[in-house]
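1. Just to be clear, the model below is a prediction. Sequence and coordinates:
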Amino acid sequence: MAGTIERVGIAISASNPDVDLGLVGDVGRALLPTDGLWRGVIYGLEPQILIAAAQGQPLAEANPFFAAAPPPFGFLVWVVVWSVLVLGLAALSLRRREL
């Protein structure tokens, strides 16, 4: 949901530069990185000609089915760290239960 709010904010800020909802998307992407991974998948599936045609158009980034760039390397590292943390917490939680 945070990624969608960020995309709506991009669309709004194209016409009204005083509105900035980018922080919501950044925080949401850090807490639950599924939106960032979704953008990476979309980038990988899009034809390069479509990406080139949409460069420089501010409303193209507001589309939830478009990504102009792949996820940054730092984000992918965070996804790996986040996955290890979540799986570790799940294993710790299940270890304390009687099965």
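-> Perfect, thanks for sending it.

2. Report the buried residues of stretch 57-73.
-> By neighbour count on 16 or more other CB atoms under 10 Å, the buried set for stretch 57-73 is 60-62, 66-68, 71. C-beta here means a position set from N, CA and C on the backbone, and glycine is covered the same way.

3. Report the two of the residues you listed separated the most.
-> Spatially, the most separated pair among these is Ala62 and Pro71, at 18.0 Å (CB to CB).

4. returning to that earlier point: pick out whichever of the buried residues of stretch 57-73 sits closest to Val79.
-> Pro71 (8.1 Å).

5. Could you find the closest non-adjacent residue to the closest one?
-> In space, and not counting its chain neighbours, Pro71 is closest to Gly40: 4.3 Å by CB to CB, 6 or more residues apart in numbering.

6. What helix or strand is the one you found located in?
-> Per DSSP states H and E: Gly40 is located in helix 34-45.

7. ok, and what's touching that helix?
-> The contact list for helix 34-45, computed with CB atoms under 8 Å, 6 or more residues apart in numbering, reads 2-4, 25, 28-29, 51, 65-71, 75-76, 79.

8. Okay, buried residues for the next helix or strand after that helix please.
-> For helix 34-45, the following helix or strand on the C-terminal side (DSSP H and E) is helix 48-54. Neighbour-count burial for helix 48-54 flags Ala54 (criterion: 16+ other CB under 10 Å).

9. Tell me the helices and strands packed up against the very next helix or strand once past helix 48-54.
-> Once the chain leaves helix 48-54, the next helix or strand it forms, by DSSP H and E, is helix 73-95. For helix 73-95, the packing partners by 3 or more CB pairs under 8 Å, 6 or more residues apart in numbering; DSSP states H and E come out as helix 34-45.

10. Just want the angle from the helix it packs on to helix 73-95.
-> Relative orientation of helix 34-45 versus helix 73-95 (axes from the mean of the first three to the mean of the last three CA atoms, to 10 degrees): 130 degrees.
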